[in-house]
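> Provide a 3D model corresponding to the input given below.
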Amino acid sequence: MYKEHKVFKEPDNKNIKIWRYLDFTKLVSLLDRKALFFARADKFSDPFEGSYSKANIQLRPTVYKGMTQVAFYEMQERIKYVSKNSTKFTCINCWNINEYESAAMWKLYLKSDEGVAIQSTFRRLTESFNSYSEMDIYIGEVQYIDYETEWMPEGNVFYPFLYKRKSFEHEHELRAIIQKLPINKDDKINLAQETFDIGLNIPVNLDTLIEKIYLSPASAAWFTDAVRSVVDKYALNKEIVQSSLTEGSVY
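Have a look, this model is predicted:
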């Protein structure tokens, strides 16, 4: 179930539109499973996923200047150890925050013209998890900083997953995050242990989640029919919209 958390920044407008760009096979999987896939964080392509900024390393002696040298060293090692292993017990589902569909996102996330964009809202996403109670789901906006010069907040294992480098700012990303600490048979936490495989599917109410389904800009007529057919098969009464990016110029 969705749960608020102090380190997660929610959009000011809870009804702001969010988008998830999918190829056709992933759309079918979403409808068939009635679940959103949360990928394990270390499976993402960004090598900085789950890490702190270089500025954090440089500024810690000043930020924690009241600590003894031994305590400071132990803290540094603990942060490093947790940060390196946290990607193994963190799973993430990503959305693009935008009032309009994005040409850049279509190109970035689809390898062909056979794709769709699920258009939802922040509120719809949070409410779509209402029937799921196994684990808490936290949702918030990603903050973009200069990893060379800007300090990333510390003191919570979620922070490194809510900050990314400035070069990703075009994504305007909203993240739904699940963490499950690896606990061994002795009820002790073992951070080197994996708690997920490549990720996990979390059940959602599709009718609540999906507001509209957009077809990719250059999709063919047969693809439109295929999407309508599969949506009808799963009795999902949602509007299917051709991308506005296909509209011709007006002079």
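> quick check: buried residues in stretch 32-46?
By 16 or more other CB atoms under 10 Å, the buried positions in stretch 32-46 come out as 35-42. In this view, the C-beta of every residue, glycine as well, is placed from N, C-alpha and C.
> turn the residues you listed into a markdown table, columns for secondary structure.
A markdown table is the format used below for the buried residues of stretch 32-46 (DSSP: H, G, I helix; E, B strand; the rest coil):
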| residue | secondary structure |
| --- | --- |
| Ala35 | strand |
| Leu36 | strand |
| Phe37 | strand |
| Phe38 | strand |
| Ala39 | strand |
| Arg40 | strand |
| Ala41 | helix |
| Asp42 | helix |
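> would you turn these into JSON lines with distance to Glu194?
JSON lines is the format used below for these (distance: CB to CB, whole Å):
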{"residue": "Ala35", "distance to Glu194": "21"}
{"residue": "Leu36", "distance to Glu194": "21"}
{"residue": "Phe37", "distance to Glu194": "17"}
{"residue": "Phe38", "distance to Glu194": "15"}
{"residue": "Ala39", "distance to Glu194": "14"}
{"residue": "Arg40", "distance to Glu194": "8"}
{"residue": "Ala41", "distance to Glu194": "12"}
{"residue": "Asp42", "distance to Glu194": "9"}
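> ok and the helix or strand hosting Gln119 relative to strand 35-40, angle-wise?
Using DSSP states H and E, Gln119 maps to strand 115-121. Angle, strand 115-121 to strand 35-40, by axes from the mean of the first three to the mean of the last three CA atoms, to 10 degrees: 100 degrees.
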